[in-house]
Structure formats: C-alpha cells, structure tokens
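*Asks:* heads up, no residue letters with this:
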C-alpha cells in the first residue's frame, strides 16, 4: 500500500542489522525521499555533520557506541542538535523508549516495522521539521527587511511611521505563527505520548497480571501444604522420638527447628511481595486509562495515590539525599467528573517536578556547605545542614464555586520571578539538556484549563519551595 508523500526530505537510517536497513530502505524508496544509511553510531554522527539530514532513524542497540550515546552526542553538537531523532526499538523495551525521549528523541518506531506507521511518523516529523525551517527563514527575512528599512529611514523620514507599522504587523504574524506551531507541537506530543504510554502500560500490566494472580492463588495453597507437612513431621517426632541414625543425621544437617520456623516466614514474605506487585499493577492500569474522550466520575484521591505508588522509587532515600516524605491532607471530596487519564498525567507532572525541585535543593545546600571552611573544619555532618524533603498534598471542595481544590506543595528550591513568568511558554525548561522537555507544565495547564475548564496556578519564592493549585469544576462542562 503506497501512502502519498508530500514533504521532501533526507532520511538517515542507522542500524547495524543489514536486514533492517534493507527493509526500511525498500519501504521508503518510492516516497521520493533521499535515503542515507549508516551501520554504527560513529558513522551516523559523521554523516549527520556533513549531510545534515532532515530525520535520523536511530537503532538503540549497536556495536561501539549505542544509540543513546550517539543521540546524546548529536544533541550536543551545534551542527546536528536540531535534527529530529526517531529511535527504532522493540515494543518490550519500555525503559529504552523513556530514556530515548528524555535524551531528546522526538519519537520511536517499534520492531518489527509496520510500513504505514513508519511512513506516517516520518511524514509527521518532516512536516514539523520543514515548518521550523520555514519559520527560521521567515525570521531571517524579517531581520533583513528591518535592516533595509532602517537604512532607508535615514533618507526618508516621512516613511518611518509606515515602516514601523509594517514591521509590527509582520512581527505579530510571526509571533502568532510561532505560537500556533508550538501549540500544535504540544498537542501532537501530548496525544502521541498518552496513547503510546497507555498502550504500553496496559499491555505490560495485562501480561504481568496473569502470572501474579497465579502466584497469589497458589501461595495460599503452598502455605497450607507447608503447615500440613510441618504438623505431620511434628507428629512423627511425637510418636517416633528415636528415628534411625541416618534420619537423625539429616535432621541435624538441615537444622529442622530453624527450617520449621523460617519456612512459613518465607511463604508469608513471598505473599506480601506478590500482593505489593498486584497493587502496583492496579496502579499502572488505573494511571493509564486511555479513553480521554469520555468524562467519568472518579475518586481523585485514588488517582493521586496510584501516581504516588508509581513514583515510589523516586521518593526513597539515596546517596544524595534523605527520603522524601509525603504528607496527605485529604478532605472530603465527592466523585469528580473529569477525564481520568489526562488528569493522572497532570498529577504525575506536578509530583515529578516537586521531586526534581527537592533534589535540586539538596544539591544547592551541599554546594553551599562546601563553600564554608568553618563548617567543614568543625566536623559537622552534611546531613545536619539539610532539611528533609517534603511534599504536601491537600484536597478540598469550595462549595460556593462548586470546584474541587488540589494543592501540591514542596519545600524545594523554589522559583525566581523571571522563571515564573516564562512557565507558560511551551519548550521552556530550567532543567539541563536531557532531563526536561519544557512540555510538562504547558501540557498540564492545557489539560486543566482547556480540557476540564479549570485553573492551574502557583505560588513560589526562591528557597521557599513551590505550591501548585488546581481547581476543577465538580460537574464537568466538557462532556
């Protein structure tokens, strides 16, 4: 099946597998795109520098430098940093996909390849790439036009007002075009991200759920059988207190008394661990509810708790900081009519940002402490200089306005006034390259304000932490 291709472009395919190169090259040969190939990461970097392709299809697992390293080097190179990178990986490699996106990749293609999907994804990102180039060209043209008009202005002052008006009009049009492009990019990434995330999590949860339920169901029988065997052995000890020498030796060898005490504990710990895994699967399935076109009455506390369970690994103490404490101050909140999946994503974005802010505050305090020789010489342990990280979550209802209020506050590094003013800009981020896309808050604001008809605002001061406040109507106006 041939899909008409309207966008022109140069595609660089990087894969050490000749079969994959052949399949993709044959699939794209009739599209009119110029196809380049590389068989390793070093070759890909070299080709990207002199050929400047419009899209790079980059395999993850390769000899030499892998796809992640190649992506990182491409993004650090001024000549190649703007080239969109689409990773090629297997469906089961969820961690690889998330890591690739965090390094700056714009998308991924799953193996084995689906012809229509490959073409559709490449077409989409070529369109974005060409629009970006067009925007840069227009910007350069505008700058040149302004320079020419300023030169004429010295000779023809009577035209000054007309020139200024035309410049303002063109600048306004350019600004509007840029805003439209950024909003389109945010919307596209949001839809694709939620769809892909939902499919991945739902698939993984479904596959894990069956064996977990199997284990849970059999552990109760295993516990019962274990106790029966222990009871039987104790009866043998009672009625046959003097067994054969060989049996006595075996009893001493395996330390039967310890085994009788420890075996039920092992079964119990296995049951608790499997039960915990089942709870995690439930949280994943709840978080990834994908139908964002239907309003449902939901318990927002359940959504917050499921998100916290998914983020539990980030809350634990590590070598850099102490454990982050979660303080829940839940009020009495009725079921709220909303879109569950997107709202859960807002919780994920805000809580992840709160964790990042707390971790950054620990780094700042540690660096500050290193600058005080007296503190270092006194032998005071660094942990005594650091406050424990805390995230406080409050919920309640404003009866007069019929809205539910959700507040998520951290005691992290806080924000300056300049940063707060720019938070609404798509693609703006204070995080280093590879750690943030600048889309989290923009997407969250879009979900709350446009999708739910609510409001999202914040209060923050440098060194005093940040508090985000969400207000959502109890009865949806978007159904």
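*Replies:* Everything's here; your move. Model, not experiment: these values are computed from the prediction.

*Asks:* excluding its backbone neighbours, what's nearest residue 51?
*Replies:* residue 36 (5.9 Å; CB to CB, 6 or more residues apart in numbering). (Each C-beta comes from the backbone N, C-alpha and C, glycine too.)

*Asks:* residues in contact with the helix or strand hosting that neighbour: which ones?
*Replies:* Here residue 36 sits within strand 34-38, counting by DSSP states H and E. Counting by CB atoms under 8 Å, 6 or more residues apart in numbering, strand 34-38 makes contact with 9-15, 21, 25, 28-29, 44, 46-47, 51, 53, all of which sit outside it.

*Asks:* quick one: it to chain centroid distance?
*Replies:* 31 Å (CA atoms, centre = their mean, to the nearest Å).

*Asks:* go on, stretch 16-33?
*Replies:* Mean-position distance between stretch 16-33 and its chain equals 30 Å (CA atoms, centre = their mean).

*Asks:* buried ones in that stretch?
*Replies:* 16, 20-21, 23-24, 27-28, 31, 33 (16 or more other CB atoms under 10 Å).

*Asks:* quick one: the helices in the stretch 151-300 of the chain?
*Replies:* Remark: helices assigned in the stretch 151-300 of the chain by DSSP state H, counting those that start in this stretch are 160-239, 245-254, 256-287, 300-310.

*Asks:* could you give the mean pLDDT of the shortest one?
*Replies:* Going back to what we said before, that points to helix 245-254. Averaged across helix 245-254, pLDDT comes to 84.

*Asks:* what do you get for the last one?
*Replies:* Averaged across helix 300-310, pLDDT comes to 86.

*Asks:* which other helices and strands does the next helix or strand after it contact?
*Replies:* Using DSSP H and E, the helix or strand that follows helix 300-310 in sequence is helix 312-315. Where contact means 3 or more CB pairs under 8 Å, 6 or more residues apart in numbering; DSSP states H and E, helix 312-315 is packed against helix 340-370.

*Asks:* list the buried residues in the helix it packs on.
*Replies:* For helix 340-370, the neighbour count (16+ other CB under 10 Å) marks 340-359, 361-362, 365 as buried.

*Asks:* for this protein, where's the lowest mean pLDDT among helices and strands?
*Replies:* In the chain, the helix or strand scored least confidently by mean pLDDT, DSSP states H and E is helix 373-378, which has a mean of 44.

*Asks:* so after that one, what's the next helix or strand?
*Replies:* strand 390-398.

*Asks:* what's the angle from that next one to helix 300-310?
*Replies:* 170 degrees (axes from the mean of the first three to the mean of the last three CA atoms, to 10 degrees).

*Asks:* how about residues contacting strand 390-398?
*Replies:* If you take CB under 8 Å, 6+ apart as the criterion, strand 390-398 is touched by 300-301, 304, 324-334, 351, 354-355, 358, 403-411, 471, 474.

*Asks:* make it 6 Å
*Replies:* The contact list for strand 390-398 (CB atoms under 6 Å, 6 or more residues apart in numbering) reads 325-331, 333, 354, 404-411.

*Asks:* just those: which are in strands?
*Replies:* Judged by DSSP state E, the contacts of strand 390-398 include 325-329, 404-410 as members of strands.

*Asks:* and the residues you listed, which two are the farthest apart?
*Replies:* Largest separation among the ones in strands among the contacts of strand 390-398 by CB to CB: 325 and 404, giving 24.2 Å.

*Asks:* compare the two (neighbour count), which wins?
*Replies:* residue 404 (21 against 12; other CB atoms under 10 Å).

*Asks:* name whatever forms a beta bridge with that one.
*Replies:* Per DSSP bridges, the residues bridged to residue 404 are residue 397, residue 472.

*Asks:* quick one, what contacts it?
*Replies:* 333, 336, 397, 472, 474.

*Asks:* same question, residue 140
*Replies:* Counting by CB under 6 Å, 6+ apart, residue 140 makes contact with nothing.

*Asks:* could you do residue 355 as well?
*Replies:* Counted by CB under 6 Å, 6+ apart, residue 355 has contacts residue 314.

*Asks:* if we can go back for a sec, most neighbours of all the ones in strands among the contacts of strand 390-398, which one?
*Replies:* Of all the ones in strands among the contacts of strand 390-398, the most densely surrounded is residue 406 (29 neighbours; neighbours counted as other CB under 10 Å).

*Asks:* ok, it to residue 399 distance?
*Replies:* Residue 406 sits 16 Å away from residue 399, going by CB to CB, to the nearest Å.

*Asks:* same check, this time on residue 297
*Replies:* As judged by CB to CB, residue 297 and residue 399 stand 18 Å apart.

*Asks:* so which of the two has more stuff around it?
*Replies:* The residue with more neighbours, out of residue 297 and residue 399, is residue 297; 13 against 8, by other CB under 10 Å.

*Asks:* for the one residue sitting closest to the centre of the chain, give its distance to residue 44.
*Replies:* In the chain, the centroid-proximal residue (CA atoms, centre = their mean) is residue 98; its distance is 6.5 Å. When distance is defined by CB to CB, residue 98 is 22 Å away from residue 44.

*Asks:* neighbours of residue 466, how many?
*Replies:* 22.

*Asks:* which residues does the nearest residue to it once chain neighbours are set aside contact?
*Replies:* Spatial nearest neighbour of residue 466, chain neighbours left out: residue 460 (3.9 Å); criterion: CB to CB, 6+ apart. Applying CB under 6 Å, 6+ apart to residue 460 gives the contacts 414-415, 466.

*Asks:* likewise residue 242?
*Replies:* If you count contacts by CB under 6 Å, 6+ apart, then residue 242 has nothing around it.

*Asks:* distance-wise, check it relative to residue 248.
*Replies:* Residue 242 sits at a distance of 9 Å from residue 248 (criterion: CB to CB).

*Asks:* thanks a lot, see you next time.
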